[in-house]
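>>> quick one, what's the 3D model for this:
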Amino acid sequence: MFYRPGLWPNEFFTRIDALFIGRKSYEIAQQYANSNNGEMIPGMPEMTEYVFSKTLKSVKEGAVIIANDSISEARRIKELPGKDIWLYGGASLTEVFMKEGLVDELWLSVHPILLGSGKQLFQSYGHRTHLTLLESKTYETGLVSLRYGIKNIA
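As a prediction, the model looks like this:
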């Protein structure tokens, strides 16, 4: 879970009404929610959760499994009226959506800790993408939040 102190839930949650999440991130989030009064993130409002998985057979009530033709489904959902969609966690899902031009903004958090291992977020992305810094904020914890607009070049 990542958490931006001072940003949740007010500012960020007013911008979104749907969540795209991969299977691994969904399972981790549900484990956390099960031990925290059902809340994936404290104060997170109700929103439509789309879980991208070819293996899950069921998800919590109100969530939707996207198992087939995930790119077409993501494009269709993105075109529906409403607010922004939060692509939550999952390096694999993020990589696929980035390659397909489905990500309009990146909101990255740099935490003041070096882990030394883990999966790179853009491991095999394969091409340059121009970013425009839209917002940055430094918190007293040392966390830095960076919000970038993405210029997809065809």
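
>>> for L19, give its distance to G82.
Counting by C-beta to C-beta, to the nearest Å, the gap between L19 and G82 amounts to 12 Å. Any C-beta I mention is one placed from the backbone N, CA and C, and that applies to glycine too.

>>> the longest helix seen in the chain packs against which elements?
Selection of the longest helix in the chain by residue count, based on DSSP state H, yields helix 23-34. With contacts defined as 3 or more C-beta pairs under 8 Å, 6 or more residues apart in numbering; DSSP states H and E, helix 23-34 has these neighbours: strand 48-52.

>>> so what's I150 up against?
Under the criterion of C-beta atoms under 8 Å, 6 or more residues apart in numbering, the neighbours of I150 are 103-106, 129-131.

>>> in the helix or strand it falls within, which residues are buried?
Element membership for I150 (DSSP states H and E) is strand 144-151. Counting neighbours by 16 or more other C-beta atoms under 10 Å, one finds that the buried residues in strand 144-151 are 145-146, 148, 150.
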